[in-house]
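Novice: Give the three-dimensional model of this entry:
(chains A, B and C)
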Amino acid sequence: MDWGEAINVLECKSVSKWYGDTAVLNNVNFDLAQNEIHAIVGENGAGKSTLVKIISGLVPVDVGTIQFEGHDRTFAHIREIQNSGVALIHQEPRLFPDLSVLENVCVDYQVRDKNKKFSWKKAEEETKELLAELGCSFSVHSPVKALSVADQQMVDMVSALRKKLKLLIVDEPTASLTPSEVQRLFATIRKLNASGVAIIFIGHRLEEVLEISTRITVLKDGEVVAVKKTSETTEDELIRLMVGRNIAASTTNSKSASNQVSLKVSDLESPGFVSGVSFEVKHGEILGIGGLVGAGRSELLETIFGLRKRSAGEVISTTHGSIKSVKQAISARVALVPEDRAHNGLFLNRSINENLVITNLNLSSKGGKRNFGKEKVIGQELIQKFRVKLSSATQLVRELSGGNQQKVSLAKWLKQEVEILLIDEPSRGVDVGSKSEIHQILNDAAAAGMSVVMVSSDMRELIELSHRIIVMRNGRIAGELSGSEISEESVLRLASGLATAGRGN
Amino acid sequence: MSALSKSPSRFKVPGYLIGPILILTLAMVYGSLGSEYFLQPASIIFNTGRYMEIGLLALALTFVIINGDIDLSVASTLAASAGVLAKLFAGGVPIFWCCVASVFTGFVLGLINGLIVIKFGLPSLVVTLATLALYRGLTQVLLGDDVVANYPESFAGFDQRLVIGGNPGLPAPLALFFVAAIIFYYILHKSNYGIKNIMSGSNPSASNFSGIGVDRVRLLAFALSGTVSGICAVMITSRLSSTISNVGLGLELLAITVVVLGGTDIFGGRGAISGTVVSLFAIMAVREALVIQDVNGQVQDSAVGLLLILTVLVPRIRSYYIDKRDRQKRFNEARAKA
Amino acid sequence: MAVKVNSKISYIFKKREFGIFLFILILLAIFGSIEPRFFRSENLNAILSSVGILMVVGAGQTLVIVTRNIDLSVGSTLGMAAMVMGMVARSRPDFPIIGLILIAMVVGGICGLINGFLVSFGMIPSIIATLGTLAIFRGAVFLVSDNVQIDPEDVPKDIISLATTSPIGIPWLLIFALLAIVLVWFVSSQTLLGKRIYAIGSNPEGAISRGLSFNKITIMVFVFIGVLAGLGGVLYTARYATINPADVGRGLEFDVISAVVIGGTNIFGGSGTALGTALGCILIGILSNGLTVVGVSPFWKACATGFLILLAVAIDNLVRRRQEENFLLAIRNQRVAK
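Specialist: Below is the predicted model:
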């Protein structure tokens, strides 16, 4: 390799990691030279965030070794790793909202040298310098909560810079940024790299990845598919590498959905997240919603369900009329299975049965009085029907595996008649077996006439299940795909804002 | 498959009851060592009057705390309701209607708490801190320095009445408390409202996503708390046979202690009526046992405070070390695999 | 664009204390116009003296609440410190004043240390821990004093003179109060430790991941308020000259927390200023004094305080919510627009 005298800052060899029975990373080799900006791309679930968590010490490896600057760091504690010059910048910066920029940066200052006492003046000067270098114009005294996400990221970076930085990992930093903020971020990254900091860049937007990186590793299903020099590859090639499966337009698509519309959304607008969205769903149809992180997909579902304030537009169920609130949505037989089941979908510290019955107590109760016998029966039926694996009757939901938790999250709505199911990431954090069971459930439901609106970042899932796919980008609908138009490439292209190569929109 | 249908055949004492039961037992032993009359029913149950008032407040407070709120104003609501009762009585209104007014006042004041918390989206700690002052002020404005007494014979002395006669019989406050406990147990553990209440405290966000009207649940809990305070106002007026403006001062702290000692999580989502009930009797036993030993009232409070801290401390430290041990085990297993 | 947004917002933030200040001026104007005696220097001095104790303890409570904790036991801590100091003074009339003050502060500090340990290593929520120690310390006051109060004759004249004599025109009591406020202001705005204290309240998980020593800082904050409560005990003795085991410091926690909340400290932690607390104390003092001077029955004081708390918190909430909404909207519209 003609990298000149570059030293490898990081070397990961044969890294593998299992979550339960699933191999999230399989025999991954990854190395990073000091002077490179190395991007990692791959679909959701490809293993990017796990790899990054391992490198930054948040999660231990199961198999393999990690060498940092020649030293073995396979089992290092997170504090050790941070102190050796590795920093991780999240999408959501970990800052103190009530403190000013300067205070945020200085708060963990450690007095290393007895002669060098802390001085606010000096710290202020240094911070101002750093901010200026990064192209930031806000005052060091502004309270952090008054800054935009992009500016907060900059503060995060400055905090990291005050320690001697050797490796910087930026994980999906551009999701909430405007184009000019992205350019500012890139300029910062290049400057850092020029001064000797190695950079790992995780991104979804391929045009950005091609712009900023010098080398790209493509992950797919936990394995390294390719490592390419950025100058030697194109977006098309990347997409093909990321995707490269032959997924037949789904066999289930042969079941035609009916032509009757069950839900009509017109000009829906939720300030800042959803803008001018209109579409229809038919009975028995699975409508997939694709798009990149930050496109507004989850927010769309939440707005339809009545959880998010809507500033314009209408949601009309053909059987029940206009839906404006959660209560109306539920009466209209609409259900929402949210993306974040731990926070929004389930009551982790409560029993499985309680979680199952809570969405409609009327099924088992009479006059406000609960009937535990009936609840047990309902619970049993659901557990059987959805094949939820549990070890005891009184188990708490948090003790279940991800797949079984998701089944509970789904079952609790499907116990009653649902006309329109809004489901967000049906198989996130779910093992392979449960995933196929959940897919079967969705297919069966659609075959029986239910309309399913499904948000998914899992390309395979999206394509295999959906009759039709609408792709979102920046809060709007970028395009609609149906029949032969549906392919991973076409979805990714619409999501990234590229023209679908010649195929009809 | 039919795992759910297997009901646990062995009776297991829930973890949160262990502490209160232990305290109750030890206190009873300690008390009987101090006096041979301690465990005799006659000497216990006629003292129950003021404890049952606190017990009722605690029962209602359990609901408020389980669903994630707190009500610091219960004692002040009680006072204001008692003030209304006294003022009306002094004005010549028949005692029955005065009592009705007291309960109604409690209901309204509780409702106001709920409305302020919900409509303005303010933390219940601060709102009920404010109404603690506001409602006490209301009482002071109503009564000033006056002492209202001369309550009719038929009304006073509630705590001495027997519902079931005989020796020792069942005093009215005790009966009332048991009836209330049964009703509250029913509401919390057997009714739709109860499960909604628990879930709202366990995860407010998921409750919204599940269609539980969290606002309504909270409002009802506050209204219930206020109403019960109004009822207690009647009880306390009858027991003391007089009303002054600082009636019930400081009861809120004791009520909260009863609830927390009984295993209810101060942050919500977890708790049981049985815990509150056993906790009340445990505290009563401790205090009475100390009274026998001629211990000062303040020191009695200290003992209760100490028990409160221990009851919360011990399980937490235990679960911390268990978690730590589990994490270490998992880390070692992962390491061994590599 | 970012700069404009920042300057606008920092202006609004400054407004908070200014708002209270304005309100104080308005009250002064109202009271003064109804009763000109209000403005006499003796009266203003009396106001400031009465809030002196409040300010000393309030300064400490500010930091406690900033860290997302609360200390309900300050009244009992003050009582404990005062009682121990009083007993030493009584048995050794020649004991140096400085020594007495130090003893009080050390006793307070020990109480604070206990609280700090319970909350940090014991992992007990501070509301429960200090609810327990409120009772425990109060009982300790009784045990230590054998329920015998300290009479004015037992208190050294030099201590009492703290409330009355003035080295530079304002009584020592007030000087201590202002010193406490200035100290908290200094720590919170000028030192790293202060920033860490606010960081812990602003984002506890973030604080841990940034490597801040959570437990150490929490204990420090509780010890600090303990020491200040001890000092408050000295000032209390100076002002009232009698230390009664039942009365000393009783109910102080309510007044202190009210002042801190009215002064703009957020009950959820992360923000709050010493200046705001000082203004809150002054506001409460003016209100209470003013009502008396003007001739309104003192019974309205509680109502007024409660109302003030609600007003303060409601305004805070509305302002904060509107700021956030406008701000987030502007940012997000940018994003969707592209």
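Novice: Enumerate every residue touching A:Ala198.
Specialist: Neighbouring residues of A:Ala198 by CB atoms under 8 Å, 6 or more residues apart in numbering or on different chains: A:9-10, A:32-36, A:38, A:166-168. Backbone N, C-alpha and C define where each C-beta goes, glycine included.
Novice: How about C:Phe31?
Specialist: C:38, C:286, C:290, C:293-294 are the contacts of C:Phe31 under CB under 8 Å, 6+ apart.
Novice: Format the contacts of A:Ala198 as TSV; extra columns: distance to chain B and pLDDT.
Specialist: Listed next are these as TSV, based on distance: CB to the nearest CB, whole Å; pLDDT from 0 to 100:
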residue	distance to chain B	pLDDT
A:Val9	22	83
A:Leu10	18	87
A:Leu32	21	91
A:Ala33	26	88
A:Gln34	27	85
A:Asn35	31	87
A:Glu36	28	91
A:His38	25	94
A:Lys166	25	87
A:Leu167	22	90
A:Leu168	27	91
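Novice: Most neighbours out of those residues, which is it?
Specialist: A:Val9 (25 neighbours; other CB atoms under 10 Å in any protein chain shown).
Novice: show me what contacts that residue?
Specialist: A:32-34, A:68-69, A:166-167, A:198.
Novice: what's the answer for B:Tyr37, then?
Specialist: Counting by CB under 8 Å, 6+ apart, B:Tyr37 has contacts B:Ser43.
Novice: Check which helix or strand it maps to.
Specialist: B:Tyr37 belongs to no helix or strand when assigned by DSSP states H and E.
Novice: quick one, phi psi at it?
Specialist: Main-chain torsions, B:Tyr37, degrees, to the nearest 10: phi -90, psi 0.
Novice: Please apply the same query to C:Pro93.
Specialist: Torsion angles, degrees, to the nearest 10, at C:Pro93: phi -60, psi -20.
Novice: Quick check: the gap between the residue of the stretch 1-150 of chain C found nearest chain B and C:Ile225.
Specialist: Nearest residue of the stretch 1-150 of chain C to chain B, counting by CB to the nearest CB: C:Gly139, 2.6 Å away. Shown here: C:Gly139 relative to C:Ile225, a distance of 20 Å by CB to CB, to the nearest Å.
Novice: And these two? Which one has more around it.
Specialist: Taking other CB under 10 Å, C:Gly139 and C:Ile225 do not tie; C:Ile225 has more neighbours (32 against 25).
Novice: Doesn't that one lie inside a strand?
Specialist: No - with DSSP: H, G, I helix; E, B strand; the rest coil as the criterion, C:Ile225 is helix rather than part of a strand.
Novice: Next, the contact list for A:Thr234, please.
Specialist: A:Leu210.
Novice: tell me the centre residue of chain A?
Specialist: In chain A, the residue lying closest to the centroid (CA atoms, centre = their mean) is A:Val293, at 5.9 Å.
Novice: On the three-state scheme, the residue nearest to that one when sequence neighbours are not counted is what?
Specialist: Nearest residue to A:Val293, sequence neighbours excluded (CB to CB, 6 or more residues apart in numbering or on different chains): A:Ala175, at 5.2 Å. Under three-state DSSP, A:Ala175 falls in the coil class.
Novice: and for stretch B:126-135, what are the contacting residues?
Specialist: B:70-73, B:75-77, B:79-80, B:109, B:112-113, B:116-117, B:120, B:252, C:254, C:257-258, C:261, C:267, C:302-303, C:305-307, C:309-310, C:313.
Novice: got the phi/psi numbers for the residue in the stretch 151-300 of chain C that chain B sits nearest to?
Specialist: The nearest approach of the stretch 151-300 of chain C to chain B comes at C:Phe299, 3.6 Å away (CB to the nearest CB). Torsion angles at C:Phe299 (phi, psi; degrees, to the nearest 10) stand at phi -70, psi -20.
Novice: just A:Ala39 next, same as before
Specialist: phi -100, psi 150.
Novice: Identify the bridge partners of it.
Specialist: For A:Ala39, the beta-bridge partners under DSSP bridges are A:Phe201, A:Ile216.
Novice: do A:Val265 as well
Specialist: Per DSSP bridges, the residues bridged to A:Val265 are A:Phe279, A:Val315.
Novice: right, and it touches A:Gly276 too?
Specialist: No - A:Val265 lies out of contact with A:Gly276 (CB atoms under 8 Å); the separation is 10.7 Å.
Novice: Find the residues that touch each one of the two.
Specialist: With CB under 8 Å, 6+ apart, A:Val265 and A:Gly276 have common neighbours A:Gly313.
Novice: Looking at these two, which one has more neighbours?
Specialist: A:Val265 (20 against 14).
Novice: what about the more buried one, distance to C:Thr242?
Specialist: Applying CB to CB, the value for A:Val265 to C:Thr242 is 74 Å.
Novice: Determine whether any part of the host helix or strand of A:Leu130 lies close to chain C.
Specialist: For A:Leu130, the enclosing helix or strand under DSSP H and E is helix A:120-133. Yes - Helix A:120-133 is in contact with chain C by CB under 8 Å from any CB of the partner chain, via A:Trp120.
Novice: Pull out the buried positions in that helix.
Specialist: With burial defined by 16 or more other CB atoms under 10 Å in any protein chain shown, the residues of helix A:120-133 counted as buried are A:123, A:126-128, A:130-131.
Novice: who does that helix touch, helix- and strand-wise?
Specialist: Counting contacts by 3 or more CB pairs under 8 Å, 6 or more residues apart in numbering or on different chains; DSSP states H and E, helix A:120-133 is packed against helix A:101-106, helix A:149-161.
Novice: who's in contact with that helix?
Specialist: Against helix A:120-133 from outside (CB under 8 Å, 6+ apart): A:101-102, A:105-106, A:109, A:138, A:140, A:154, A:158, A:161-162, A:188, A:191, C:190.
Novice: which stretches of the stretch 201-338 of chain C form helices?
Specialist: Secondary structure of the stretch 201-338 of chain C (DSSP state H, counting those that start in this stretch): helices at C:204-209, C:214-240, C:252-262, C:274-294, C:300-337.
Novice: sorry, back to before: report the inter-axis angle for the helix holding A:Leu130 versus helix A:149-161.
Specialist: Taking axes from the mean of the first three to the mean of the last three CA atoms, to 10 degrees, one finds helix A:120-133 and helix A:149-161 inclined to each other by 120 degrees.
Novice: For helix A:120-133, what does the pLDDT average out to?
Specialist: Averaged across helix A:120-133, pLDDT comes to 87.
Novice: how deep is the residue nearest to C:Arg196 when sequence neighbours are not counted tucked in, by neighbour count?
Specialist: Residue nearest to C:Arg196 in three dimensions, not counting chain neighbours: C:Leu212, with 5.3 Å by CB to CB, 6+ apart. Other residues near C:Leu212 come to 19 when the count uses other CB under 10 Å.
Novice: what does B:Val141 give?
Specialist: 16.
Novice: C:Gly264: neighbour count?
Specialist: 24.
Novice: From C:Gln190, how far off is A:Lys122?
Specialist: 14 Å.
Novice: next one: C:Glu324
Specialist: Taking CB to CB, one finds C:Glu324 at 28 Å from C:Gln190.
Novice: interface residues of chain A facing chain C?
Specialist: Within chain A, the positions adjacent to chain C are A:79, A:82, A:94-99, A:103-104, A:106-109, A:118, A:120, A:137-139, A:141-143, A:146-149, A:151, A:176-179, A:271-273, A:275, A:296, A:474-476 by CB under 8 Å from any CB.
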